[in-house]
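Student: Sequence and predicted structure, then a few things I'm wondering about:
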Amino acid sequence: GENVEQHPSTLSVQEGDSAVIKCTYSDSASNYFPWYKQELGKRPQLIIDIRSNVGEKKDQRIAVTLNKTAKHFSLHITETQPEDSAVYFCAASPDTPLVFGKGTRLSVIA
Amino acid sequence: GAGVSQSPRYKVAKRGQDVALRCDPISGHVSLFWYQQALGQGPEFLTYFQNEAQLDKSGLPSDRFFAERPEGSVSTLKIQRTQQEDSAVYLCASSLAEGNQPQHFGDGTRLSIL
């Protein structure tokens, strides 16, 4: 089955700097790659997603890139703000249920 | 409703008791998913419904776990004879259609087995 690896597990950046989180997947049949933000004790919130027919997608300060050949995808957050601090999860889906990475705890230091 | 609603938010049970967790998906959403999230980990898939049909239950850890969605809307996840390793947050998600569509999560039920 699908296996998703996520790095780094923790990331600290200064406010205003960029943050990059990387994920790799194993199943070449995966065709949908969402990213979720989860604050402590709250629900995972979908922040951006990308499908396998697209290489890059951007939404304001957030962008996701996908390299199907290498089977990896990345989340880029620019101009980070303290409210970006949370745990971020990537996921991949060869069918309908999502397979999640273990998460990255992002801390934005003011 | 405006979002996925889960109840109760917190459940404490003694080992060996049965528990039932409820999920109210977003109105009109065809697909419903249950995930288990252990502390410090990502959600792990348990089971998936399309309307009232349970299409995949490959993630259920044992036959003590049972899920249903009899009328294609509200779903219940039941755990029988609970054990300490069942302690986790149980998340429900729904999506508008079948196939790979954005999944919207509820706040989850935090289950603690004493």
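Tutor: Right, received. Where do you want to start? Numbers count the residues shown, from 1 in each chain, chains lettered A, B, ... in the order given.
Student: Pick out the residue nearest the middle of chain B.
Tutor: In chain B, the residue lying closest to the centroid (Cα atoms, centre = their mean) is B:Trp34, at 3.4 Å.
Student: which residue ranges form the strands in the chain?
Tutor: I went with chain A, as the question did not name one. Applying DSSP state E to chain A gives strands spanning A:4-7, A:10-14, A:19-25, A:32-38, A:45-51, A:56-59, A:62-67, A:72-77, A:86-92, A:99-100, A:104-109.
Student: actually it's chain B I care about, not the one you picked
Tutor: B:5-7, B:10-13, B:19-24, B:31-37, B:44-50, B:53-56, B:65-68, B:75-79, B:88-95, B:104-105, B:109-113.
Student: Tabulate those (CSV), appending mean pLDDT and distance to chain A.
Tutor: Heads up, the C-betas are built off the backbone N, CA and C, glycines and all. Converted to CSV, the strands of chain B look like this (pLDDT from 0 to 100; distance: least, Cβ to the nearest Cβ, whole Å):
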stretch, mean pLDDT, distance to chain A
strand B:5-7, 97, 9
strand B:10-13, 98, 11
strand B:19-24, 98, 12
strand B:31-37, 97, 6
strand B:44-50, 96, 4
strand B:53-56, 96, 6
strand B:65-68, 98, 13
strand B:75-79, 98, 15
strand B:88-95, 97, 7
strand B:104-105, 96, 4
strand B:109-113, 98, 8
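Student: Please name whichever of these is nearest to A:Pro97.
Tutor: Among these, strand B:44-50 comes nearest to A:Pro97, with 4.1 Å by Cβ to Cβ.
Student: Starting from that closest one, tell me which strands it pairs with and how they run.
Tutor: Strand B:44-50 has the following strand partners under DSSP bridges: strand B:31-37 (antiparallel), strand B:53-56 (antiparallel).
Student: Please indicate which of these has the most neighbours on average?
Tutor: Using mean count of other Cβ atoms under 10 Å in any protein chain shown, the stretch among the strands paired with strand B:44-50 with the largest mean neighbour count is strand B:31-37, at a mean of 24.
Student: Could you report the neighbour count for the residue lying closest to B:Tyr90 once chain neighbours are set aside?
Tutor: Nearest residue to B:Tyr90 in three dimensions, chain neighbours excluded: B:Thr109, at 4.9 Å (Cβ to Cβ, 6 or more residues apart in numbering or on different chains). Using other Cβ atoms under 10 Å in any protein chain shown, the number of residues around B:Thr109 comes to 22.
Student: Settle this for me: B:Thr109 is touching B:Ser7, isn't it.
Tutor: Yes - at 7.2 Å, B:Thr109 counts as touching B:Ser7 under the criterion of Cβ atoms under 8 Å.
Student: Touching both of these two, which residues are there?
Tutor: B:Leu21 (Cβ atoms under 8 Å, 6 or more residues apart in numbering or on different chains).
Student: give the contact list for whatever residue of chain A ends up closest to chain B.
Tutor: Here the residue of chain A nearest chain B is A:Phe100; by Cβ to the nearest Cβ that distance is 3.3 Å. By Cβ under 8 Å, 6+ apart, A:Phe100 lies in contact with A:Val4, A:Tyr36, A:Phe89, A:Cys90, A:Ala91, B:Gly42, B:Pro43, B:Glu44.
Student: at 6 Å what do you get?
Tutor: A:Phe89, A:Ala91, B:Gly42, B:Pro43 (Cβ atoms under 6 Å, 6 or more residues apart in numbering or on different chains).
Student: No further questions, thank you.
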